[in-house]
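# Structure for this input, please:
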Amino acid sequence: MSSFWGVGDKISLDQTEVEISAENGLEFTEHNVIGLYIPPQIKYFSGQESRLSFDIKLKYDPAWLHSSKITAGMGGSTLSTTRLCLDGQIGAQSLFTNVKCYAGNRATLIEETDEYNTMVSVKYSYEANDSIRHKRALTEGSSQWTAETRGTLGTLKSHQSDNITSPFMKMRNKDAVATTNDTTLSSDSDFLTAHIEMPLHMGIWANNTKAYPNVLTDGCYVELTCAPNISVFRTLDTTNKNRSVKNCPKFHGVDAAGTNWTSGKKSSDIWLTTDNMQINPQHCPFTVGEEIGIINADTGYLYNDDLATKISDPLIIQEINFTSPYTILKFYNGDGNPNNAGLGISGGDNNFVYSKALDPVRPNTNDWKPTYTLSNVKMLVHRVDVGDAYESQMMSRMKQGGVIEFDLPAVQCHKYSQLSTDTQATINISIDHAKAKSIICVPTSADTVSTKQNANSQSPHTYNWGGDDDAYVNSGTNSDRWGLSGCGNNLTDYSFQLNGIVTPSRPVKCSKSSSKDNGIDGAQILELEKAIVGAGWEPLSFADYRKNFCIGRVLAMDKNTVYNGVGVDTRLLLRYNGSAPNVNTLWKNYVFHIKTIQIKSDDITILH
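Sure, this is the predicted structure:
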């Protein structure tokens, strides 16, 4: 019994952690569906404290080999290799495209989030600071900026350049000192099995601050659909010329004196400057067996991209050596490789060394198809024991005709396809929810790309978002997040229309934020900030406003208010008055709302 002047009944809580293994397999790969059943014997659990746990192993494509002419010098067929990782921002969250949560009968769908990985990418772009990124890097397989692999030439901070403490690949040259050379060919054995423990951003799980009454829904069944390979694999920013080329190692010359690699001169190795922390072989982002190229960052000129006129053989690393203070890359077939008959390469110019493992001089006739494998998939459920007395009282009330209701924050995704030729577009968005909170719209690239093109940020296949690191024309800052992050696409302005009323009253201008290098639109950022707050997230950073472009509209920003969207005709009006969109677009429109689960003694009803 409670009163205004006294506290109510006190409940003693016992908390334990229970492991629930996947019930439909031991290993999973792309497009597989993982099933996890939380039995009703776990009567209550804290979704916010629970975690999805699994191991992941990346693997090279065994068919992606060097040409026979080069592998003969290596002593046999050799994989064309480069360092791989998961998405630097969301890590293992990128491995799932669709998440469903059912009641224990596996027929009543409690909640579903389609395009789950894109939703998380928005959250992790704008709800981020250094402390949060570091924690995610420890547990979720994402990456972080590290001083040991930092850029020293004025580039933006890279959160996808860690080749020293990566959880996915062994540290190459681990014991490297001034007298140590690296001569070991890279192979599948270089990949580590990374252990992941990540929150599941669903209403029953990480998005819910309350204990979930699992006993009342006869348990809970979770389905996770694994993402296709095309959207999973990434290469390091420090080896890729298409993403901030000035993060790559810089060319010094063919000797310690910085002698230019003049036209027609043969050389068995090249020397790197100490820029971008290239201070010993351990810091070198390349691996033995990796094919490299050289590019001028000012003009985009590729010195060894044409076998017929520029170079006799691909530049494939045989050894990574060190002569203080320079790192040296020695090549196979050094006596005749390369024979540069084109322009000379000067150490004094902005010439950088990058990986050609995915875009080799001698094209591979196969498509690049690396794989990943998930194993030991478990849900670490944080069980809460409320005691027999409280539970008996609640069940007694239900049997007497009582109804239990509780709210869950939920997200529904509505998709719309837009061609790059559409300069005016109207998108219908269903917010048919009685407790709607916010709308966030993410225009992702819908162009056709391969796994190789996405991982390599290959132009013109991937979206160029521009920015301060756009070192050479049209290729400086291409995205490697196809279908995952938002593309500004030169959007001029937008409006939301609710039952024929334009909201806000004037179009929201966003031509600066949506283009490559024209600045930022304050109104668009303000609208997005309010939408993020309405979604229940905390807007901590807008550094990715162009790299992961989104627009939004808040419907109810206060935690205690909601917007009744039932029957409301909702439209998003888009205008491209300056330039047409650069890529075909798949708009992923997320409607954040609150679902009410109504439980009677013999029935479960989901109220939207």
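# Do a quick rundown of the strands in the stretch 301-450 of the chain.
315-323, 326-331, 351-355, 371-385, 404-418, 424-428, 436-445 (DSSP state E, counting those that start in this stretch).
# So for G258, which of these sits nearest?
G258 lies closest, by Cβ to Cβ, to one member of those: strand 326-331, at 9.4 Å. Heads up, the C-betas are built off the backbone N, CA and C, glycines and all.
# Within its sheet, name the partner strands of the closest one and how each one runs.
Sheet partners assigned to strand 326-331 using DSSP bridges are listed as strand 269-272 (antiparallel), strand 315-323 (antiparallel).
# Now do the domain split for the chain, please.
237-355, 405-446+483-608 (automatic domain parsing).
# before we move on, the earlier item: can you put the strands paired with strand 326-331 in JSON lines and add mean neighbour count?
As requested, the strands paired with strand 326-331 are exported to JSON lines (neighbours: other Cβ atoms under 10 Å):
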{"stretch": "strand 269-272", "mean neighbour count": "22"}
{"stretch": "strand 315-323", "mean neighbour count": "21"}
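# nearest to R234, of these?
Nearest of the strands paired with strand 326-331 to R234, taken as Cβ to Cβ: strand 315-323 at 20.8 Å.
# now the closest one against strand 351-355, angle please.
Interaxial angle, strand 315-323 versus strand 351-355 (axes from the mean of the first three to the mean of the last three Cα atoms, to 10 degrees): 120 degrees.
# hmm, back to that, between the strands of the stretch 301-450 of the chain, which one is closest to N247.
Between N247 and these, the tightest spacing by Cβ to Cβ is seen for strand 351-355, at 8.5 Å.
# what comes into contact with that closest one?
Contacting residues not belonging to strand 351-355 are listed as 82, 235, 239-241, 245-246, 248-251, 270, 272, 286, 290-297, 303, 329, 345 [Cβ atoms under 8 Å, 6 or more residues apart in numbering].
# Now the buried members of those residues.
82, 235, 239-241, 245-246, 248-251, 270, 272, 286, 290-297, 303, 329, 345 (16 or more other Cβ atoms under 10 Å).
# Point out the ones among those residues that are inside helices.
Using DSSP state H, no member of those falls in helices.
# that older thread, just the ones of the contacts of strand 351-355 in strands?
Judged by DSSP state E, the subset of the contacts of strand 351-355 located in strands is T235, F251, I270, L272, E291, I292, G293, I294, I295, N296, L329.
# CSV please, covering these and showing distance to K509 and pLDDT.
Shown next, in CSV, are these (distance: Cβ to Cβ, whole Å; pLDDT from 0 to 100):
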residue, distance to K509, pLDDT
T235, 36, 95
F251, 43, 94
I270, 48, 91
L272, 45, 96
E291, 46, 88
I292, 44, 90
G293, 41, 89
I294, 42, 90
I295, 37, 90
N296, 37, 88
L329, 49, 93
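# If we go by neighbour counts, what in stretch 259-279 is buried?
Buried, per 16+ other Cβ under 10 Å, within stretch 259-279: 260-261, 267-279.
# whoops, I mixed them up, stretch 130-137
R133, R136, A137.
# go on, stretch 220-239?
If you call a residue buried by 16+ other Cβ under 10 Å, then stretch 220-239 has these buried ones: 220-227, 229-239.
# distance between the ends of it?
44 Å (Cα to Cα, to the nearest Å).
# Same check on stretch 557-577?
End-to-end span of stretch 557-577 (Cα to Cα): 31 Å.
# centre of the chain versus it, how much separation?
Computed by Cα atoms, centre = their mean, to the nearest Å, the chain-centroid distance of stretch 557-577 equals 27 Å.
# And the average pLDDT for it is what?
For stretch 557-577, mean pLDDT rounds to 93.
# For it, list every residue counted as buried.
Here stretch 557-577 shows M557, V562, Y563, G565, V568, T570, L572, L574, R575, Y576 as buried, counting by 16+ other Cβ under 10 Å.
# now swap in stretch 18-27 and tell me
Going by neighbour count (16+ other Cβ under 10 Å), the buried part of stretch 18-27 is V18, I20, A22.
# Pick out whichever of the residues you listed sits closest to C441.
A22 (33.5 Å).
# quick one, what contacts the closest one?
A22 makes contact with F28, I34, G35, L36, V377, K378, according to Cβ under 8 Å, 6+ apart.
# Using TSV, please lay out these together with distance to G154.
As requested, these are arranged in TSV below (distance: Cβ to Cβ, whole Å):
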residue	distance to G154
F28	43
I34	44
G35	49
L36	47
V377	43
K378	45
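# which of those residues are buried?
Buried positions within the contacts of A22, assessed by neighbour count (16+ other Cβ under 10 Å), are F28, I34, G35, L36, V377, K378.
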